[in-house]
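*Asks:* what follows is a predicted protein model with its sequence.
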Amino acid sequence: MTVVLDNEVDAAAARAAAVARPNIWVRLLRHNSVLIGGATMLIMILIGICAPLLGTISPERIDPTTRNKRPGVEITVRQDDGSTLQRTVLMGTDSLGRDIYSRVMYGTRVSLIVGFSVAALSIAIGVLIGLLSGYIRWLDGIVMRIMDGLMAIPGILLAIGLVSLFRAGLGTVIFAIVVPEIPRVVRLVRSVVLTIREEPYVEAAISVGTPLHKILWRHVMPNTVAPVIVQGTFICAQAVLAEAALSFLGIGIPTETPTWGNIMAEGRQFFRVYPHNIFFPAIFLTITVLAVNMLGDGLRDTLDPKMSKRV
Amino acid sequence: MFAFIARRLVATIPVLLFVAVFVFMLLRLTPGDPAAVIAGDNATSDQVDAIRAKLGLDEPLLTQFYIWFSRMLSGDFGESFFFKKTVAELITQRIEPTLMLSLCTIVLSVSIAIPLGVWAAARQGGWVDRIVMGFSVMGFSVPTFVIGYLLIYIFAIQFSWLPVQGYRRLSEGLDEFALRMILPSFTLATIFVALVSRITRASVIETLGEDYIRTARAKGLPARTVLLRHALRNAAVPIVTVIGIGIAALIGGAIITESVYNIPGIGRLTVDAVLARDFPVIQIVILVFSVAYVLINLVIDLAYSVLDPRIRY
């Protein structure tokens, strides 16, 4: 029987760990979902930023002479300076003669702005509330009752209720989608805080008189980063879907603004004859949401392996 | 056991109370005079005054809440000035299509999702598993209205097998009703199937690792019996829990599906009410859906000990 010393075991384990866990960025880039999802998102962001350079015309330009053209038809666009321009409408035009291709390209902007700002806002607010509620015991009861109450109202219904309060617009839509997402972030952050606050290093920080905000920010908050980033990607996907749904129902962003949901809402009336009004924005919407979800799945596998066991 | 039921019932009260306060405050948070908002855009100032007096809008906020809440409890849900009907009438008229759609969807998706999930779990890592998991990611990503229009395009427009839109009541004949229910239920079922098959797969895989599964296999039971009797039954609790939580997604999806298929249910009513800024209706719709959601989950929580006799409170 060989005697194995503790420090030998430790050293071996450390070596094994060093071999098995390469740099986090390397692990992320090796993950197929992260690669495909991330690359697709990058393309969408580029489309959003470069929309004016992609051979588009003004997405809000109404032209009665080019109504309801099918994809691939050539039209003549009369420009503001009087000259005319021959142009093939890749995705057809809608019932007001607007170019669907231009509207879809510009629509990328709205979807991404909504997705990113909803994710950022709900995480910022949710992390703040979650940290305080998880750490300060007397606050916990009250905050969690309110969060339970908010979660009792189905998300899209809550958003619809909030949208009805204010004038339709980008800000209203973002606000209406952020509110239902906050309780989910709060619960996640709180559950991490509840375990972390019993850790010896937190106790040590308290014993040397570290102020509360520093304990929360320097010692507790970093533990929530990984799960929160993962949650953030799923919130982003959810927000893109919710914005499209609200606009599609006619209660989101004002109808003249090009968004994927609005283009589809506009196409509903003539769907039987001109299905292209709905299909092109639908494809972009689906690809975007799929990419964000894949990115989220991949991030969850690499950053937060514990969470992937919980489905 | 009774202590648990009592505790669970008591825990529901603050949640429902929050929903009631939220719905009550919804109207008070709108910029402007609540009475004018309720009366709608074409109301005369006399009508606005009448509403203010009737709903006690001059009273302090707490008194207003008391008046509103006791009206709710006595079944007086107020009036819609846009539809010219009481809200209670509107809801009873519109509830049948929504209930039918939800029921068909739940039955359809559970009967698709559970076999799929079990199959995927039995062949973990195989091609069936990959397809089911891939489908489930797709199900979460493809918006309900996109699926709706895709199904309409394929089955109603290209093949003309099914009617495009509309709804017939069950009392007008089963075949008419069923024909118009197929596409909407499949549309709404997609996300539900994705959700339920994923959790079924995960929890069956988990139970398959248990000792009693090895015992069952060792004593020579057929694989089918082991999978259905031993693994699936023990995986029931998380599956049923997810079905309960999924009701929220179902309600959201029903609002969209009813709009796509022109079904005159509560979902359509919600959208019409928001477009007309008909606050009495918006309030009650949110209340009705949320209470239904909370109560369904309450029933599911209480049913745990029936599903899994090992759970004792």
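*Replies:* Thanks, I have the structure now.
*Asks:* now the residue in the stretch 101-250 of chain A positioned nearest to chain B: closest residue in space, sequence neighbours ignored.
*Replies:* Residue nearest to chain B within the stretch 101-250 of chain A: residue A:149 (2.6 Å; CB to the nearest CB). Bear in mind the C-beta positions are built from the backbone N, C-alpha and C, glycine included. Computed as CB to CB, 6 or more residues apart in numbering or on different chains, the closest residue to residue A:149 that is not its neighbour in sequence is residue B:18, at 2.6 Å.
*Asks:* who in the stretch 101-250 of chain B is up against chain A?
*Replies:* Residues of the stretch 101-250 of chain B lying close to chain A (CB under 8 Å from any CB of the partner chain) are B:137-138, B:140-146, B:149-150, B:152-153, B:157, B:164, B:198-199, B:202, B:247-249.
*Asks:* enumerate the residues of the stretch 201-311 of chain A near chain B.
*Replies:* So far as CB under 8 Å from any CB goes, the stretch 201-311 of chain A lies against chain B at A:237, A:241, A:244-245, A:248-251, A:264, A:271-272, A:275, A:278-279, A:282, A:285-286, A:289-290, A:293-294, A:297, A:311.
*Asks:* can you tell me the residue of chain B closest to chain A?
*Replies:* Taking CB to the nearest CB as the measure, the point where chain B comes nearest chain A is residue B:18, at 2.6 Å.
*Asks:* ok, that residue - contacts?
*Replies:* Residues in contact with residue B:18, defined by CB atoms under 8 Å, 6 or more residues apart in numbering or on different chains, are A:145-146, A:148-150, A:152.
*Asks:* go on, residue B:261?
*Replies:* B:148, B:152, B:165-167, B:180, B:183-184, B:187.
*Asks:* 7 Å instead?
*Replies:* B:148, B:165, B:183-184 (CB atoms under 7 Å, 6 or more residues apart in numbering or on different chains).
*Asks:* buried ones in stretch A:279-289, by neighbour count?
*Replies:* A:279-282, A:284-289 (16 or more other CB atoms under 10 Å in any protein chain shown).
*Asks:* now, those that are in helices?
*Replies:* A:279-282, A:284-289 (DSSP state H).
*Asks:* host element of the residue most central in space within chain A?
*Replies:* In chain A, the centroid-proximal residue (CA atoms, centre = their mean) is residue A:236; its distance is 1.1 Å. In this structure, residue A:236 sits in helix A:225-248 according to DSSP states H and E.
*Asks:* which residue packs closest to residue 282, ignoring adjacent ones?
*Replies:* No chain specified, so I'll use chain A. residue B:146 (4.2 Å).
*Asks:* was after chain B, sorry
*Replies:* Residue B:282 sits nearest to residue B:273 (CB to CB, 6+ apart), 4.9 Å away.
*Asks:* so what's the residue count around the one you found?
*Replies:* Other residues near residue B:273 come to 25 when the count uses other CB atoms under 10 Å in any protein chain shown.
*Asks:* go through the helix or strand hosting residue B:203 and flag the buried ones.
*Replies:* Using DSSP H and E, the element containing residue B:203 is helix B:174-208. For helix B:174-208, the neighbour count (16+ other CB under 10 Å) marks B:177, B:180-205, B:207-208 as buried.
*Asks:* what's the answer for stretch B:91-106, then?
*Replies:* B:91, B:94, B:96-98, B:100-102, B:104-106.
*Asks:* and for stretch B:280-295?
*Replies:* So for stretch B:280-295, counting by 16+ other CB under 10 Å, buried means B:280-294.
*Asks:* out of those, flag the one nearest to residue A:140.
*Replies:* Distances from residue A:140 to the buried residues of stretch B:280-295, taken as CB to CB, are shortest for residue B:294 (21.4 Å).
*Asks:* OK, contacts around residue 302?
*Replies:* No chain specified, so I'll use chain A. By CB under 7 Å, 6+ apart, the contact set of residue A:302 is A:27-28, A:31, A:34.
*Asks:* let me rephrase: I mean chain B.
*Replies:* So residue B:302 contacts B:5, B:8 (CB under 7 Å, 6+ apart).
*Asks:* among the buried residues of stretch B:91-106, which ones are in helices?
*Replies:* Checking the buried residues of stretch B:91-106 against DSSP H, those in helices are B:91, B:94, B:96-98, B:100-102, B:104-106.
*Asks:* what ranges does the stretch 151-300 of chain A have for its helices?
*Replies:* Counting by DSSP state H, counting those that start in this stretch, the stretch 151-300 of chain A has helices at residues A:155-163, A:170-196, A:200-207, A:212-214, A:225-248, A:260-267, A:276-303.
*Asks:* ok so, going back, buried among the residues of the stretch 101-250 of chain B next to chain A? Make that a ChimeraX selection.
*Replies:* Restricted to buried positions by 16+ other CB under 10 Å, the ChimeraX selection for those reads:
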select /B:137,138,140,141,142,143,144,145,146,149,150,152,153,164,198,199,202,247,248,249
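*Asks:* give me the subset of the residues of the stretch 101-250 of chain B next to chain A lying in strands.
*Replies:* If you go by DSSP state E, those have nothing in strands.
*Asks:* okay, now residue B:88: neighbour count?
*Replies:* Residue B:88, neighbours per other CB under 10 Å, totals 14.
*Asks:* hmm, I was thinking of residue A:224
*Replies:* Quick note: residue A:224 (other CB under 10 Å) scores 24 neighbours.
*Asks:* give the contact list for it.
*Replies:* Neighbour list for residue A:224: A:127, A:189, A:192 [criterion: CB under 7 Å, 6+ apart].
*Asks:* follow-up on the earlier one: just the buried ones from the contacts of residue A:302, in ChimeraX syntax?
*Replies:* Buried residues among those (16+ other CB under 10 Å), as a ChimeraX selection:
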select /A:28,31,34
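*Asks:* out of the contacts of residue A:302, what pair is the most spread apart?
*Replies:* A:27 and A:34 (8.9 Å).
*Asks:* can I get the least confident helix or strand in chain B by mean pLDDT in CSV? Just the C-alpha atoms.
*Replies:* Lowest by mean pLDDT, DSSP states H and E among the helices and strands of chain B is helix B:34-39, with a mean of 75. Provided in CSV are the C-alpha atoms of helix B:34-39 (Å, rounded to 0.1, in the frame of the first residue of the first chain):
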residue,chain,number,x,y,z
PRO,B,34,-59.2,58.7,-14.0
ALA,B,35,-62.9,59.5,-14.4
ALA,B,36,-62.2,61.1,-17.8
VAL,B,37,-60.0,58.1,-18.8
ILE,B,38,-62.8,55.7,-17.9
ALA,B,39,-65.4,57.7,-19.7
